[in-house]
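J.: Give me a 3D structure for the following:
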Amino acid sequence: MYSRGYSNAGDITRDSAFSSSSQMIASHADGSKEVQSLELKTPATRRILVMDDNPDITLTFKKAFEAENENSNKKISFVVSTYNDPLLALSEFKPNFYDLLLVDINMPKMNGFEFSVKVLEIDINPRVCFMSSGLINQEALREQYPALSIGCFIRKPVSISYLVRKVKAELE
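T.: Below is the predicted model:
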């Protein structure tokens with residue numbers, strides 16, 4: 001595998017003293033050893049909470065991100081939690097866990113903005129993408145919800161390829 005200047009590729013061994021699996025010890029023919037750093041091609045894991053009162057949408061989005069995980073050229077791996085009830089999602093919300101919230105605006109019990117404000121009181125770290133099938137007056141929303149950094153809107157219906165691209169762009 002790594003035979004540049006070494007007696008043979010079998011001379012590269014793991015050193016149990018290193019806690020990182022990205023470092024290897026290479027033994028040279030003269031008995032000397034060298035620490036090598038190896039680039040691991042593991043994708044960055046991003047956790048997404050998908051909130052929509054329509055179970056078909058949450059299931060479809062979850063399946064879309066899982067299918068994206070199967071892509072051999074992936075740079076990001078997705079872990080998706082879905083909820084159809086904002087009150088349940090709020091009660092089960094884990095701080096410092098999610099990287100992105102994908103939230104429908106129009107839901108019963110609590111709209112997506114109210115949900116996001118409450119979540120961001122618990123954890124200010126996740127980015128928020130709002131979804132809606134209707135037109136959104138972004139300026140009016142910024143005035144009504146000044147605590148939200150409103151930046152990402154996704155209009156439904158949305159193609160899966162656009163959804164994945166938009167989410168990846170938000171996470172970069």
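J.: Now do the lengthiest helix in the chain, average pLDDT.
T.: Longest helix in the chain by number of residues, with DSSP state H as the criterion: helix 55-69. Across helix 55-69, the average pLDDT comes to 95.
J.: Give me the buried positions along it.
T.: 57-58, 60-62, 64-65, 68 (16 or more other C-beta atoms under 10 Å). For every residue, glycine as well, the C-beta is placed using N, CA and C.
J.: Against Ser116, how distant is the closest residue to Asp53 other than its chain neighbours?
T.: Excluding its sequence neighbours, the residue lying closest to Asp53 (C-beta to C-beta, 6 or more residues apart in numbering) is Met107, at 4.4 Å. With the distance defined as C-beta to C-beta, to the nearest Å, Met107 ends up 11 Å from Ser116.
J.: Of these two, which one has the most company?
T.: Taking other C-beta atoms under 10 Å, Met107 and Ser116 do not tie; Ser116 has more neighbours (25 against 20).
J.: and the residue nearest to that one when sequence neighbours are not counted, how many residues sit next to it?
T.: Leaving aside its chain neighbours, Ser116 sits nearest to Val128 (5.1 Å; criterion: C-beta to C-beta, 6+ apart). Applying other C-beta under 10 Å, we find 23 residues neighbouring Val128.
J.: What's the mean pLDDT across stretch 164-172?
T.: Across stretch 164-172, the average pLDDT comes to 92.
J.: so which helix or strand takes in the residue nearest in space to the middle of the chain?
T.: Closest residue to the average C-alpha location of the chain: Arg46 at 2.2 Å, with C-alpha atoms, centre = their mean. Using DSSP states H and E, the element containing Arg46 is strand 44-51.
J.: Tell me the strands beside that strand, with direction?
T.: Strand 44-51 pairs in its sheet with strand 76-83 (parallel), strand 100-104 (parallel), by DSSP bridges.
J.: Good, wrapping up.
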